[in-house]
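**Q** Please find the sequence and the predicted model below.
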Amino acid sequence: VAMAYLAWRLAQRWWPSSLQVISFPVVQLHLNRTAMRASQKDFENAVNQVKLLKKDPGNEVKLKLYALYKQATEGPCNMPKPGVFDLINKAKWDAWNALGSLPKETARQNYVDLVSSLSSSLESSSQVEPGTDRKSTGYETLMVTSEDGITKIMLNRPTKKNALNVEMYHEIMHALKAASKDDSAITVLTGNGDYYSSGNDLTNFTDIPPGGVEEKAKNGAILLREFVGCFIDFPKPLIAVVNGPAVGISVTLLGLFDAVYASDRATFHTPFSHLGQSPEGCSSYTFPKIMSPVKAIEMLVFGKKLTAGEACAQGLVTEVFPDSTFQKEVWTRLKAFAKLPANAMRISKEIIRNREKEKLHAVNAEECSVLQGRWLSDECMNAVMNFLSRKSKL
Ligand SMILES: CCCC/C=C/CC(=O)SCCNC(=O)CCNC(=O)[C@H](O)C(C)(C)COP(=O)(O)OP(=O)(O)OC[C@H]1O[C@@H](n2cnc3c(N)ncnc32)[C@H](O)[C@@H]1OP(=O)(O)O
């Protein structure tokens, strides 16, 4: 009974705002529409359009989209049926399987129709948000702007406290690679809303692939290694503007930044033991070096949450500002930095950081391998279940 309850709660968390979207208009599927045939191009446009939807269309519609997409691209469902407790994949499988032998072309047309009705009934985010420039388009989870010699990468899931979902990991890597090549002098990472970031999105654990939890853990470790590697290799000055509380991986990565400016509202929390997990982001190496082994253990093993002042005293934060003047003071300073000769800054960073790079990559690989094992542990699974079933928070 307990397992079924947890699985049910897990399912409730799938596309977590499900409970808020029940009142969305029910979208009509024109399954028999034959008058117009959607081209492959129309279909691709519709797939892109879905990514631009600003509001969550609800689980029912997302299941239909999923099923039609699979039918249109792969044909009838011939995957093995997921296990009874794998509710998320089972719901997806059921939706796809229900389409039976619907021809690919009809599925494609129905997908295009569905997206078109969604786009008119739900607000689309294709409009650029005020205060962002052209370069911010194309990201779902970030706002990326580039002006005054500064590329700003803003984590943009404020209603989820900027938790890093899989898409955000990929988008940050993409944004960092683009920033390393653009003509900006420095790059800044910050958060939208009251949090800098609440760390790894714990719902990442719920989408189990056909290969099961082992495959999930393996994929997670590969993603994490590549993600952290982008920070190790980033060639320009990389600055964190920590606008509010930071948790988990958003804290550990700070050891790889070149400057960390924090609001006095920010806190720094790495509750890995509470979550049955272990340190990542090279923090098992950088934190003891930055703050001494015993202070690092307080944070990384015992989960001590530091205030911004304490993090500054430990050397993790460069400087703390009152929240009321934080943005103004920090951005004035960053604009001045960005006027310094860009090549000189890059070369100086290189000479300071390069001799550590090989070591950092080795540490990263080891941390990911250890974490892969941790994700399969009962300790970790129970902690994630407890959060997802709303039994616990940090
Ligand atoms: C593949 C690479 C893996 C790398 C591994 C990294 C390890 C880590 O990063 S460990 C850290 C993981 N993070 C957490 O454990 C934080 C969990 N969140 C919380 O404890 C609380 O949400 C909070 C203390 C951060 C904030 O509490 P508050 O009461 O202010 O707000 P909430 O109502 O809880 O949050 C609003 C909304 O956001 C969702 N949310 C927040 N953080 C996460 C998260 N990390 N993962 C998933 N969802 C998160 C929260 O559930 C709420 O959603 P709903 O409005 O839909 O209920």
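**A** Thanks, I have the structure now.
**Q** what about the strands in the stretch 201-350 of the chain?
**A** Counting by DSSP state E, counting those that start in this stretch, one finds strands in the stretch 201-350 of the chain at the ranges 238-242, 246-247, 259-263, 267-269, 306-307, 319-321.
**Q** Can you tell me how far the residue in the chain that the ligand sits nearest to is from residue 226?
**A** Among the residues of the chain, residue 248 lies nearest to the ligand; the distance is 2.2 Å by Cβ to the nearest ligand atom. In this view, the C-beta of every residue, glycine as well, is placed from N, C-alpha and C. Distance of residue 248 to residue 226, given as Cβ to Cβ, to the nearest Å: 18 Å.
**Q** same check, this time on residue 380
**A** Going from residue 380 to residue 226 by Cβ to Cβ gives 21 Å.
**Q** who's more crowded, the two?
**A** Using other Cβ atoms under 10 Å as the criterion, residue 380 and residue 226 rank with residue 380 on top: 20 against 14.
**Q** so which strand or helix has the more buried one?
**A** helix 378-388 (DSSP states H and E).
**Q** now that helix: how far from the chain's centre is it?
**A** In this view, helix 378-388 has its centroid 19 Å away from the chain centroid, taken as Cα atoms, centre = their mean, to the nearest Å.
**Q** ok, now stretch 110-122?
**A** With Cα atoms, centre = their mean, you get 26 Å for stretch 110-122.
**Q** Now residue 191. Its backbone dihedrals?
**A** When read as degrees, to the nearest 10, the backbone of residue 191 gives phi -120, psi 150.
**Q** For it, give me its contacts.
**A** 154-155, 158, 162, 197, 242-244 (Cβ atoms under 8 Å, 6 or more residues apart in numbering).
**Q** same deal with residue 288?
**A** Residue 288 touches 296-297, counting by Cβ under 8 Å, 6+ apart.
**Q** Excluding chain neighbours, what is closest to the residue of the chain closest to the ligand?
**A** residue 199 (2.5 Å; Cβ to Cβ, 6 or more residues apart in numbering).
**Q** what pLDDT does the one you found get?
**A** What the model reports as pLDDT for residue 199 is 98.
**Q** Wait, it touches residue 245, no?
**A** No: the criterion here is Cβ atoms under 8 Å, and residue 199 misses it with residue 245 at 10.0 Å.
**Q** Tell me where this protein has helices.
**A** Under the criterion DSSP state H, the chain carries helices at the ranges 2-13, 40-51, 59-74, 87-97, 104-121, 166-181, 212-233, 249-252, 283-291, 293-300, 308-313, 326-338, 342-375, 378-388.
**Q** Out of those, flag the one nearest residue 276.
**A** Closest to residue 276 of the helices of the chain, according to Cβ to Cβ: helix 378-388, at 3.0 Å.
**Q** helices or strands up against that closest one?
**A** Contact here means 3 or more Cβ pairs under 8 Å, 6 or more residues apart in numbering; DSSP states H and E; on that basis helix 378-388 packs against helix 2-13.
**Q** Report the mean per-residue pLDDT for the helix it packs on.
**A** For helix 2-13, the per-residue pLDDT averages 46.
**Q** And for stretch 223-236?
**A** For stretch 223-236, the per-residue pLDDT averages 98.
**Q** repeat for stretch 99-117
**A** On average, stretch 99-117 scores 88.
**Q** just stretch 356-366 next, same as before
**A** The model assigns stretch 356-366 a mean pLDDT of 98.
**Q** Which residues does it contact?
**A** 225, 228-229, 232-233, 256, 280, 282, 284-286.
**Q** ok, back up a step: please report phi then psi for the residue of the chain closest to the ligand.
**A** phi 60, psi -130.
**Q** which residues does it contact?
**A** So residue 248 contacts 197-200, 269-272, 275 (Cβ under 8 Å, 6+ apart).
**Q** While we're on it, how confident is the model there?
**A** 98.
**Q** For it, give its distance to residue 277.
**A** Taking Cβ to Cβ, one finds residue 248 at 8 Å from residue 277.
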